[in-house]
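>>> one predicted model, sequence on top.
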Amino acid sequence: EVQRLADQKSQTVIEEGLNREAQLKQEVLFYQKVMAPELKQDGFTIEAFSVEKSLSESSYRFELVLMQQDKIKNVIKGSVDVDIKGSLNGKPVSLKLSKLMQEQ
């Protein structure tokens, strides 16, 4: 009798744990959609973007890593336009990186 009660209690605890796990997974999925919608988007997302000052005067090195979201991994070809947004003399400004590179 004691063994049967212990087994029932264990089964109940396991079922409660599995239910709680399923509930937590649903909550995580919800918050991922809110906080990281790019995880559910098709196409590409920016995995990393970094800018470092180079050894040359007024020169910078940048690195962009794109991640393909599709399950089908194909070789692709394309281009990327980079706009730099900030302020100049206290006013908002948006500069195209390609234009800045042509000026040098």
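On my side now, so go ahead.

>>> make it CA atoms for all contacts and neighbour counts henceforth
Will do.

>>> tell me which element Q8 falls in.
helix 2-35 (DSSP states H and E).

>>> which element follows that helix toward the C-terminus?
Sequence order places strand 44-53 as the next helix or strand after helix 2-35, per DSSP H and E.

>>> residues in contact with Q26?
Contact criterion CA atoms under 8 Å, 6 or more residues apart in numbering gives no residues in contact with Q26.

>>> for the record, mean pLDDT for the helix holding Q8?
In this model, helix 2-35 has a mean pLDDT of 85.

>>> show me which residues of that helix are buried.
Within helix 2-35, no residue is scored as buried using 16 or more other CA atoms under 10 Å.

>>> do stretch 51-71 as well
Q68.

>>> averaged pLDDT, that stretch. What do you get?
According to the model, stretch 51-71 has a mean pLDDT of 80.

>>> output it in PDB with nothing but the alpha carbons.
What follows is stretch 51-71, C-alpha atoms only, in PDB (Å, rounded to 0.1, in the frame of the first residue of the first chain):
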ATOM      1  CA  VAL A  51      32.700  49.500 -35.900                       C
ATOM      2  CA  GLU A  52      36.300  50.000 -35.000                       C
ATOM      3  CA  LYS A  53      38.700  52.900 -35.600                       C
ATOM      4  CA  SER A  54      41.500  51.800 -37.900                       C
ATOM      5  CA  LEU A  55      45.100  52.900 -37.800                       C
ATOM      6  CA  SER A  56      44.600  55.400 -40.600                       C
ATOM      7  CA  GLU A  57      43.400  58.900 -39.700                       C
ATOM      8  CA  SER A  58      39.600  59.300 -40.000                       C
ATOM      9  CA  SER A  59      39.100  55.700 -41.100                       C
ATOM     10  CA  TYR A  60      37.000  53.000 -39.500                       C
ATOM     11  CA  ARG A  61      36.600  49.300 -40.100                       C
ATOM     12  CA  PHE A  62      33.100  47.800 -39.900                       C
ATOM     13  CA  GLU A  63      31.900  44.200 -39.900                       C
ATOM     14  CA  LEU A  64      28.400  43.000 -40.600                       C
ATOM     15  CA  VAL A  65      27.200  39.500 -40.100                       C
ATOM     16  CA  LEU A  66      23.800  38.500 -41.500                       C
ATOM     17  CA  MET A  67      22.000  35.300 -40.600                       C
ATOM     18  CA  GLN A  68      19.600  33.600 -43.000                       C
ATOM     19  CA  GLN A  69      16.400  32.700 -41.200                       C
ATOM     20  CA  ASP A  70      15.000  30.300 -43.800                       C
ATOM     21  CA  LYS A  71      15.500  26.600 -43.100                       C
END
